[in-house]
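S.K.: Provide a 3D model corresponding to the input given below.
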Amino acid sequence: MKWVILVLIFAGGIYYIVNEKKQEEMRKIQAEELKKSEMKNLEAPLPEVTKKEYALSLSRDTVATLRSLTEDTNEKVRISAVELLWQMQDPESPKLIKKMLENETETSVKIKIIELVSRDKTRMSLKLLAEALKNYDKETRVKAAEVLGDYATEEAIKTLNSALNDYDEEVKLKALESVNKIKKQIEKDREEKIKELENPSKNSFKIE
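M.R.: Take a look at the predicted model:
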């Protein structure tokens, strides 16, 4: 009778070990699948717009006045008007900014517009910066190439292609600096994400 019990215990132990090994292999496979899935999403696409924490509502007449002020003779008025329209997410603001970048004669105004749109890391701001890279004014193109370095995304690198082929050496150099900056940031973010996936226990709280 004892040997029967011993055989059952032995068989149970073998079953437990084999089952535990299978479970461990399944956990490894699931972890690898999760890691692959997370790796695909390492670089999240830029949002279309940045949702504001506040909603600024103005009358149609006021909005119409602000739009007209983007063509005012006073550059401070032009800047203030377009800034307010951009902040309140006026649907006409991208079109107005594009027009201002094309027609504006003051470099200082165009640089301030670039600084304004680059605060929001969105596809729309990226498109407007792409327009700024086509500007006839060298300083405008340099500034646009510079701020694009703060977009840690491959979309920004693609946008900088035109600047890399610019006829002006200063624009080219600034574009190269930005590409290098973006590349380093993407690699850094990727390494940090991989470490998080490989060591999930370090990022979890233990509750006693």
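S.K.: Return the helix or strand in this structure with minimum mean pLDDT.
M.R.: Lowest on mean pLDDT, DSSP states H and E among the helices and strands of the chain sits helix 2-40, with a mean of 57.
S.K.: what about the chain, any weak spots by pLDDT?
M.R.: Within the chain, the stretches with pLDDT under 70 are 1-56, 197-198, 200-208.
S.K.: hmm, 90 instead?
M.R.: 1-59, 120-121, 152, 154, 185-208 (pLDDT under 90).
S.K.: So which residues of it form helices?
M.R.: Secondary structure of the chain by DSSP state H: the helices cover 2-40, 60-69, 75-87, 93-103, 107-117, 123-132, 138-147, 154-159, 161-164, 169-198.
S.K.: Not counting its neighbours along the chain, what's nearest residue 77?
M.R.: Leaving aside its chain neighbours, residue 77 sits nearest to residue 69 (5.5 Å; criterion: C-beta to C-beta, 6 or more residues apart in numbering). C-betas here are computed from N, CA, C, even on glycine.
S.K.: same check, this time on residue 93
M.R.: Of all residues not flanking residue 93 in the chain, residue 85 sits nearest, at 4.3 Å (C-beta to C-beta, 6+ apart).
S.K.: got a list of what that neighbour touches?
M.R.: By C-beta atoms under 8 Å, 6 or more residues apart in numbering, residue 85 lies in contact with 63, 66-67, 70, 92-93, 96.
S.K.: swap the cut-off to 10 Å and go again
M.R.: Neighbouring residues of residue 85 by C-beta atoms under 10 Å, 6 or more residues apart in numbering: 56, 58, 63, 66-67, 69-70, 91-94, 96-97.
S.K.: Output these in CSV; the columns should cover neighbour count.
M.R.: Listed next are the contacts of residue 85 as CSV, based on neighbours: other C-beta atoms under 10 Å:
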residue, neighbour count
56, 11
58, 14
63, 17
66, 21
67, 17
69, 17
70, 23
91, 8
92, 14
93, 24
94, 19
96, 19
97, 26
